[in-house]
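Enquirer: Sequence and predicted structure are below.
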Amino acid sequence: MRLARQSLCAFNNNYKFTPDVWATWMRILKRSPNSVLWVLEDNPQAKENLTANAKNQGIAANRLIFAGRVMPEQYLARYHCADLFLDTAPYGAGTTACVHHF
């Protein structure tokens, strides 16, 4: 049985992606081969590093979707397009997560 494609999102600033958090997300992607991870594109260097790290962990680059910065209304609307919101630790999404949740 094939699982439906799932979109996971984490729109935190990229500096909040600790090695442990990123490794956990890569394990999630490995275990759900039809899923993609949608993240904020903070800057070209971060995108390049995250993509290279994903490839090193066996995740194809096309499974990472990078979104540019947009106005707050558009930013918050993105959460409704994803299937699952992933947060970071120890630096969480804070107010953004609360606004989206409620």
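Expert: That came through fine.

Enquirer: From now on I want contacts and neighbour counts done on CA atoms only, so please keep to that.
Expert: Noted.

Enquirer: measure residue 89 to residue 20 for me?
Expert: Separation of residue 89 from residue 20 (CA to CA, to the nearest Å): 9 Å.

Enquirer: With residue 41 instead?
Expert: 19 Å.

Enquirer: who's more crowded, those two?
Expert: residue 41 (20 against 11; other CA atoms under 10 Å).

Enquirer: Now do the buried residues in stretch 5-16.
Expert: By 16 or more other CA atoms under 10 Å, the buried positions in stretch 5-16 come out as 6, 7, 8, 9, 10, 11, 12, 14, 16.

Enquirer: What is the nearest of these to residue 62?
Expert: Within these, proximity to residue 62 (CA to CA) peaks at residue 7, which comes in at 12.5 Å.

Enquirer: which sections of this structure are below the confidence cut-off?
Expert: Flagging of the chain using pLDDT under 70 yields the residue ranges 1-4, 94-102.

Enquirer: and stretch 68-87, how far apart are its ends?
Expert: 18 Å.

Enquirer: Could you shift the numbering so residue one becomes 17, and keep it that way?
Expert: Okay, residue one is now 17; in that scheme the one you just asked about reads as stretch 84-103.

Enquirer: Can you tell me how far the closest residue to residue 62 other than its chain neighbours is from residue 100?
Expert: Sequence neighbours aside, residue 30 is the residue nearest to residue 62 in space, at 7.1 Å (criterion: CA to CA, 6 or more residues apart in numbering). Distance from residue 30 to residue 100, counting by CA to CA: 18 Å.

Enquirer: Just the buried residues of stretch 33-42, please?
Expert: Quick answer for stretch 33-42 (16+ other CA under 10 Å): 33, 37, 38, 41, 42.
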